[in-house]
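>>> Just the structure for this:
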Amino acid sequence: MEPVTRGGLFTLAAILGGGALLCLIVGVSMLPNLKSHVAERYSHYATTSDGDRYECSGSAEAVADELADVAEPEARASDRGREYLRYDDDVVTVGPDGSRPCTIHIEDVRGGYNGGAYVFLGPGFTPGSPAGGSGGSSGGPGGNK
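Alright, predicted model coming up:
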């Protein structure tokens, strides 16, 4: 049996590193995706400038619990019969919308405030209220939007 050369060890390391990267990519792609879960499970009824809206049934709290089980929110709050779930790039609102008693509204917040209905829900929620909102303040903690 011949001894392993330095070049052979580098080749083996490159193959193992490539395999690890492939496993990482496959693992990340299998993480739960809230948007696709909602799109598959609930009936889409509107796309507006501030996000997509889906019709649900049951209480807002029960639907929000189910969504939180699919993807853990960074923060959660309740306000006047609505449940708010904050994710890295989305704010999900579950509650009534006009004549619909239960809706899911997914608003993408990566692009900044688009005219949606942000409600200041405490220090866990950023972006906060838009400047010039009901109190005229600059928004969430430290003035962050």
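>>> Going by C-alpha atoms from here, please, whenever you check contacts or count neighbours.
Will do.
>>> Quick check: pLDDT value at the closest residue to Asp90 other than its chain neighbours.
Nearest residue to Asp90, sequence neighbours excluded (C-alpha to C-alpha, 6 or more residues apart in numbering): Asp108, at 4.5 Å. In this prediction, Asp108 carries a pLDDT score of 84.
>>> i'd like the first residue to be 50 from this point on
Fine by me, first position is 50 from now on; the one you just mentioned is Asp157.
>>> Convert the helix or strand of the chain with the lowest mean pLDDT to CSV, retaining C-alpha atoms only.
When the helices and strands of the chain are scored by mean pLDDT, DSSP states H and E, helix 55-78 comes last with a mean of 86. Output in CSV follows, covering the C-alpha atoms of helix 55-78 (Å, rounded to 0.1, in the frame of the first residue of the first chain):
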residue,chain,number,x,y,z
ARG,A,55,-0.2,15.7,0.4
GLY,A,56,-2.1,16.3,-2.8
GLY,A,57,-4.3,13.3,-2.2
LEU,A,58,-5.2,14.7,1.3
PHE,A,59,-6.1,18.0,-0.2
THR,A,60,-8.3,16.3,-2.8
LEU,A,61,-10.0,14.2,0.0
ALA,A,62,-10.5,17.4,2.0
ALA,A,63,-12.1,19.2,-1.0
ILE,A,64,-14.4,16.3,-1.6
LEU,A,65,-15.5,16.1,2.0
GLY,A,66,-15.9,19.9,2.2
GLY,A,67,-18.1,19.8,-1.0
GLY,A,68,-20.2,17.1,0.6
ALA,A,69,-20.7,19.1,3.8
LEU,A,70,-21.8,22.1,1.7
LEU,A,71,-24.3,20.1,-0.2
CYS,A,72,-25.7,18.7,3.0
LEU,A,73,-26.0,22.2,4.4
ILE,A,74,-27.9,23.4,1.3
VAL,A,75,-30.3,20.5,1.4
GLY,A,76,-30.9,21.0,5.1
VAL,A,77,-31.7,24.7,4.8
SER,A,78,-34.0,24.0,1.9
